[in-house]
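Engineer: I would like to see how this sequence folds:
(4 chains)
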Number of protein chains: 2
Amino acid sequence: MDAYQAVDGFDALGDPTRRAIVACLAERPRAVGELADVLPISRPAVSQHLKVLKDAGLVTDRAAGTRRVYRLNPAGVAALRDQLETFWNRALDSYQDVVEQPNEEKS
Amino acid sequence: MDAYQAVDGFDALGDPTRRAIVACLAERPRAVGELADVLPISRPAVSQHLKVLKDAGLVTDRAAGTRRVYRLNPAGVAALRDQLETFWNRALDSYQDVVEQPNEEKS
DNA sequence: GGCATCCGTAAGTCGTAGCTTACCGTTCGT
DNA sequence: ACGAACGGTAAGCTACGACTTACGGATGCC
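Structural biologist: Residues are numbered from 1 along each chain as shown, chains lettered A, B, ... in the order given. Prediction:
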């Protein structure tokens, strides 16, 4: 089983349309046509986005007759969440050094 | 307290170079030149990336003489983490409905 | 003051991501 | 078996993002 993801999950979530798809699939599994019906893009475009999300391990698909139902992959989402968690923890450690320094900035 | 974010945080993390910057800043705050010295791109390119990350609320900057020190913003990172957490929870709820259904096609 | 350092912005080029239409394979219904 | 519905892929076009060099402003040191 190839648990390797061809593209980084954050690359996949970098596109707003794909985030919309993820948000839509978070509610419930959907077929490609259902997603295309909701989104303002064509069905092939949705299919291409789903391919990216699938390669990133963020969604899984299941054949159901002529339709293909996609649903969110909690494991893939959790992987990204954990990565942010790591950044968050390390940032707090960096805080320890500069906690006394006010943040001044001018735009 | 949170100011309005011009760009989505996931858009900012969609670029691998910006993820490298975030990972670098997670270890410790750095100046622009320090980041450019590590990364395989020019200093202006780093500066442009930092602008995007700043607009996304992922980093903050602080003037230190002629140098400008950037550091990770834990609040911004936490916001993205929480959003993934929401997706994760909703996906598990979706699981509850279809976990017992190998084929939900009705006849 | 004069100069060097550090950094942000402007202008321009180039690669590629995202969208479309067109086409083909697969599956179900009758 | 034939046609319709559903969806993945190919080819092509367009727009935008990422990078570069060049320049100017701000700060610090001598």
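
Engineer: quick one: what helix or strand has A:Asp82 in it?
Structural biologist: Using DSSP states H and E, A:Asp82 sits within helix A:74-98.

Engineer: A:Arg67 contacts A:Pro29, correct?
Structural biologist: No: A:Arg67 lies out of contact with A:Pro29 (CB atoms under 8 Å); the separation is 10.7 Å. Placement of C-beta: from N, CA and C, glycine included.

Engineer: So if I had to pick from the two, which one is more boxed in?
Structural biologist: More neighbours surround A:Pro29 than the other of A:Arg67 and A:Pro29, with 22 against 13 (other CB atoms under 10 Å in any protein chain shown).

Engineer: what's the distance between the more buried one and B:Leu92?
Structural biologist: For A:Pro29, the distance to B:Leu92 equals 13 Å [CB to CB, to the nearest Å].

Engineer: So A:Thr60: helix, strand or coil?
Structural biologist: Using DSSP: H, G, I helix; E, B strand; the rest coil, the structure places A:Thr60 in strand.

Engineer: okay, now it: neighbour count?
Structural biologist: For A:Thr60, the count of nearby residues is 17 (other CB under 10 Å).

Engineer: Report pLDDT for it.
Structural biologist: A:Thr60 is assigned 97 on the pLDDT scale.

Engineer: Can you name the residues that contact it?
Structural biologist: A:Thr60 makes contact with A:54, A:70-71, A:73, according to CB atoms under 8 Å, 6 or more residues apart in numbering or on different chains.

Engineer: Can you name the residues of chain A sitting close to DNA strand D?
Structural biologist: A:31-34, A:36, A:43-44, A:46-48, A:50-51, A:61, A:66-68 (CB under 7 Å from any atom of the strand).

Engineer: for the residue nearest to the spatial centre of chain A, what are its contacts?
Structural biologist: Nearest to the mean C-alpha position of chain A, by CA atoms, centre = their mean, lies A:Leu13 at 4.3 Å. For A:Leu13, the contact set (CB under 8 Å, 6+ apart) comprises A:19, A:22, A:58, A:80, B:10, B:13-14.
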